[in-house]
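>>> Sharing a sequence plus its predicted fold:
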Amino acid sequence: QIDTDRLPELLTRVYAQIVSLRRQLADGTINFQSEELFDSINITETLANNLETILVLYPNHENKESIAFVAATAHALLQKINNSIGYNSISILEVDSISTYISCIILFLIGNSQADAAEVANHLFVNKEISLTKQKLVSYIQALGKGNLDEILDNPITEEEIESKYLQEVALDYLWREIGLGIYNIALRLTNKSETKQAGNLFDIIIDLSSAEDFFLEQKSTFAGPYHLAKLLKILDDDIINRGVINIPTPKGVDGILWEGFLEKLAKQRPYLWENHKDAIDTNFLDSGISSVLTLPTGAGKSTLSELKIASCLYSGRKVIYLVPTHALEDQVNKNLKKLFSEFEPDNLEFDGEYTEIEDIDSFPILVMTPERCLTLLNMSSDFFNTLGLIVFDEFHLINGKNIQKDRRALDAMYCLVSLFTIAPNSDFL
């Protein structure tokens, strides 16, 4: 029994137990022969299932995100324990159930934990022995969890993939296909702001079709697997679009058409806004005149925020300098930015040398360079900085100057930054 009135307290206690078990598993100190372990596993499994049930029954619960996150975390832990003892269930989508891998991905997305959803999706195995419709649906859920929406949009689910000769299997595959169409609609709306048709109606239809009453026999038959999956996806559909990068408002002074085009391109690579992204955007971080220092752990979304800030600058007609401490990082940043800003890709500028030709430097809206190269540019083409709108210094902590008397690069980096403060005082800094 779960006391819903004391749910926050319960969620905190359950999550602490999960973290403790997960730490033992990671440290290799877990005793698989212990009766206490089996008791903990049983309790964790029961609580995970009960929390998932509460979510389905009360989809608008005020603690919805916390319920989904703790349930998903519990499921993910149980999967790891099962994997460590060699138990791997190949049952993914059945008439009466769905795999915890499937529910776990969707629950993490409902719980606003996209990174955890992606991690689980990376371990999802697509069984080639199941029907083509099921395979396509599993790949859709995997792509949704990882944020690879192109994998969904480039592979529409079709009626021709339904090939069973048995009536019940055909009926079941039609239900799976309709769920796939609902996920396709979610992917479409996450990458195209003009798409307004909601997937929730599709999921409602599936829920109704999956549960039917025979009044003559006074019995109720339910396709529990499709029913439960449609219920979870309907809850997700109500929230995930609001967390999409596609809905970020146009910053002040930015061309709205260009901005929407950029968001559609970004959404195909990273469609979701994390909580820290939303917090930053809510502070008007993307508007001109706002400088910031971003300090986030690796994988916490710094790249997305910096790319959004760069876009807001470029599409308002201003230039960007992106400073990096090493040539290796310079190559990586160039590669990433060229995917998003291909219309600004230079034709003549040589990125690979320590110093570059500067005759046509004014024609390039965005330049990636080391501080040493920037100092050369400051001395030889200072006019370039008159239209500069943003200066990004990535991985600035690497220029730490542990031995300032010997570390010339640290001195150059600091001198470069101070010079930019003086020469381009109206630029934003990130």
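Here it is on my side, so go on. Numbers count the residues shown, from 1 in each chain.
>>> Show me where the stretch 1-150 of the chain has its strands.
With strands called from DSSP state E, counting those that start in this stretch, the stretch 1-150 of the chain shows them at 93-94, 97-98.
>>> CSV for these, including mean pLDDT?
Listed next are the strands of the stretch 1-150 of the chain as CSV, based on pLDDT from 0 to 100:
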stretch, mean pLDDT
strand 93-94, 84
strand 97-98, 85
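>>> quick one, which of those is packed in tightest?
Counting by mean count of other CB atoms under 10 Å, strand 93-94 has the highest mean neighbour count of the strands of the stretch 1-150 of the chain, with a mean of 20. Bear in mind the C-beta positions are built from the backbone N, C-alpha and C, glycine included.
>>> how about JSON lines for the strands of the stretch 1-150 of the chain, with distance to N334 added?
Shown next, in JSON lines, are the strands of the stretch 1-150 of the chain (distance: least, CB to CB, whole Å):
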{"stretch": "strand 93-94", "distance to N334": "42"}
{"stretch": "strand 97-98", "distance to N334": "43"}
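>>> Between these, which one is closest to R177.
Within the strands of the stretch 1-150 of the chain, the stretch nearest R177 is strand 93-94; the backing value is 11.7 Å (CB to CB).
>>> partner strands of that closest one, parallel or antiparallel?
The pairing partners recorded for strand 93-94 under DSSP bridges are strand 97-98 (antiparallel).
>>> which other helices and strands contact the longest helix seen in the chain?
In terms of residue count, the longest helix belonging to the chain (DSSP state H) is helix 167-191. Helices and strands touching helix 167-191, by 3 or more CB pairs under 8 Å, 6 or more residues apart in numbering; DSSP states H and E, are helix 132-146, helix 149-153, helix 200-210, helix 224-240, helix 256-267.
>>> average pLDDT for the first one?
For helix 132-146, the mean per-residue pLDDT is 91.
>>> what do you get for the fourth one?
Helix 224-240 shows an average pLDDT of 90 in the prediction.
>>> just how off-centre is the longest helix of the chain within its chain?
With CA atoms, centre = their mean, to the nearest Å as the basis, helix 167-191 stands 22 Å off its chain's centre.
>>> For that helix, give the mean pLDDT please.
For helix 167-191, mean pLDDT rounds to 88.
>>> Now render the helices and strands packed on helix 167-191 as TSV, adding distance to S97.
Output for those, formatted as TSV (distance: least, CB to CB, whole Å):
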stretch	distance to S97
helix 132-146	13
helix 149-153	24
helix 200-210	13
helix 224-240	5
helix 256-267	32
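>>> Of all the strands of the stretch 1-150 of the chain, which one is nearest I67?
strand 97-98 (18.0 Å).
>>> What pLDDT is listed against E350?
Looking at E350, its pLDDT reads 40.
>>> sorry, back to before: now the longest helix of the chain and helix 132-146, what's the angle there?
Between helix 167-191 and helix 132-146, the angle comes out at 30 degrees (axes from the mean of the first three to the mean of the last three CA atoms, to 10 degrees).
>>> Specify the angle between helix 167-191 and helix 256-267 in degrees.
Counting by the same axes, to 10 degrees, helix 167-191 lies at 130 degrees to helix 256-267.
>>> Taking their axis directions, helix 167-191 and helix 224-240 sit at what angle?
Put simply, helix 167-191 runs at 10 degrees to helix 224-240, going by the same axes, to 10 degrees.
>>> in helix 167-191, what counts as buried?
Buried residues in helix 167-191, counted by 16 or more other CB atoms under 10 Å: 172-191.
>>> Am I right that K234 is in contact with N201?
No. If you go by CB atoms under 8 Å, K234 and N201 don't touch, sitting 9.4 Å apart.
>>> In terms of neighbours, single out the busier of these two.
K234 (21 against 13; other CB atoms under 10 Å).
>>> excluding its backbone neighbours, what's nearest that one?
Spatial nearest neighbour of K234, excluding adjacent residues (CB to CB, 6 or more residues apart in numbering): F203 at 4.0 Å.
>>> quick one, what contacts L78?
By CB atoms under 8 Å, 6 or more residues apart in numbering, the contact list for L78 reads I41, T44, E45, A48, T100.
>>> what does S113 give?
Listed by CB under 8 Å, 6+ apart, the contact partners of S113 are F69, A72.
>>> What distance do you get for it to F69?
6 Å (CB to CB, to the nearest Å).
>>> Render the CA-only coordinates of stretch 329-344 in CSV, please.
Extracted as CSV, the C-alpha positions of stretch 329-344 are listed here (Å, rounded to 0.1, in the frame of the first residue of the first chain):
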residue,chain,number,x,y,z
LEU,A,329,39.3,21.0,-29.6
GLU,A,330,39.4,23.5,-32.4
ASP,A,331,38.8,20.7,-34.9
GLN,A,332,36.0,19.2,-32.8
VAL,A,333,34.2,22.5,-32.4
ASN,A,334,34.5,23.3,-36.1
LYS,A,335,33.0,20.0,-37.0
ASN,A,336,30.1,20.4,-34.7
LEU,A,337,29.3,24.0,-35.7
LYS,A,338,29.5,23.3,-39.4
LYS,A,339,26.6,20.8,-39.0
LEU,A,340,24.4,23.5,-37.5
PHE,A,341,25.6,26.6,-39.3
SER,A,342,26.4,25.2,-42.8
GLU,A,343,25.2,28.4,-44.4
PHE,A,344,28.1,30.2,-42.7
